[in-house]
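> got a predicted structure here, sequence first:
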Amino acid sequence: MSRIGKKPISITSGVKVTLKGQNITVEGPKGRLERTIHDQVEVKMEADQLLVSLRSEKFDTAFQGLTRALIANMVDGVTKGFSKVLVINGVGYRAELKGSTLNLSLGYSHPIEYPLPQGISAEVDTKANRITVSGIDKELVGIAAAEIRAFRKPEPYKGKGIKYADERIMRKAGKTGAK
């Protein structure tokens with residue numbers, strides 16, 4: 001059995017969970033999330049907890065742990081939300097937010113316009129060159145942050161580009177020249 005999959009998911013006050021067949025809906029103060037779970041995984045609601053189990057023991061237990069983690073992220077998302085912080089490093093590199101479009105100047109001959117996905121918001125701190133991507137769906141927040149980072153990944157010599165705030169760039173030594 002999956003150790004993570006066996007742990008019950010506690011439902012906090014203010015969160016409403018609806019199970020309808022293989023569809024699960026979680027509603028909370030920040031919004032509403034829906035997901036269809038795998039056929040071999042069963043979710044039961046007991047008091048203020050959700051229990052995830054497999055329908056047959058022959059099936060792979062990885063789906064049990066995955067389903068439990070996805071549902072736990074849904075519950076956390078509608079109560080607290082998720083965010084990722086990106087740092088822009090480079091001379092002349094900047095970002096600005098206009099409505100739901102993120103305008104990036106990253107050293108290319110043209111500015112990059114990134115429309116934010118539905119349900120995702122961003123904040124730009126122009127003084128510290130930081131972008132904070134936030135939302136209730138952990139998967140969408142991660143995808144949006146990865147797409148923004150992919151416009152100019154940090155290079156290993158000077159560290160210029162867009163990186164996650166907690167990311168460490170392995171730096172390389174440049175050319176030393178002839179002696």
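Okay, I see it.
> before we move on, could you check phi and psi at Leu70?
phi -60, psi -40 (degrees, to the nearest 10).
> what about it, how many neighbours?
For Leu70, the count of nearby residues is 16 (other C-beta atoms under 10 Å). The C-beta positions use only the backbone N, C-alpha and C, and glycine is treated the same way.
> what's the answer for Asn73, then?
Around Asn73 there are 19 other residues, counting by other C-beta under 10 Å.
> element containing it, please.
Per DSSP states H and E, Asn73 falls inside helix 62-79.
> where does pLDDT dip in this structure?
Applying pLDDT under 70 to the chain flags the ranges 1-2, 177-179.
> run through who's touching the helix holding Asn73.
The contact list for helix 62-79 (C-beta atoms under 8 Å, 6 or more residues apart in numbering) reads 1-7, 9, 11-12, 14-15, 17, 24, 26-33, 35, 37-38, 40-41, 43, 50, 52-54, 82, 135-139.
> strands - which of those residues land there?
In strands, judged by DSSP state E, the following of the contacts of helix 62-79 are found: 9, 17, 24, 26-27, 32-33, 35, 41, 43, 50, 52-54, 82, 135.
> kindly indicate which of those residues lies nearest Gly99.
Comparing those against Gly99 with C-beta to C-beta picks out Gly135 as the nearest, at 16.4 Å.
> gap between the closest one and Thr176?
Distance, Gly135 to Thr176, using C-beta to C-beta, to the nearest Å: 46 Å.
> neighbour count for these two, which is higher?
Gly135 (24 against 6).
> shouldn't that one be in contact with Leu116?
No. Under the criterion of C-beta atoms under 8 Å, Gly135 makes no contact with Leu116, lying 9.1 Å away.
> so what sits against both of these two?
Ala144.
> let's see the PyMOL selection covering just the buried ones among the contacts of helix 62-79.
Remark: buried members of these, expressed as a PyMOL selection using 16 or more other C-beta atoms under 10 Å:
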select buried, resi 2+4+5+9+11+15+17+24+26+27+28+33+35+37+41+43+50+52+54+82+135+136+137+138
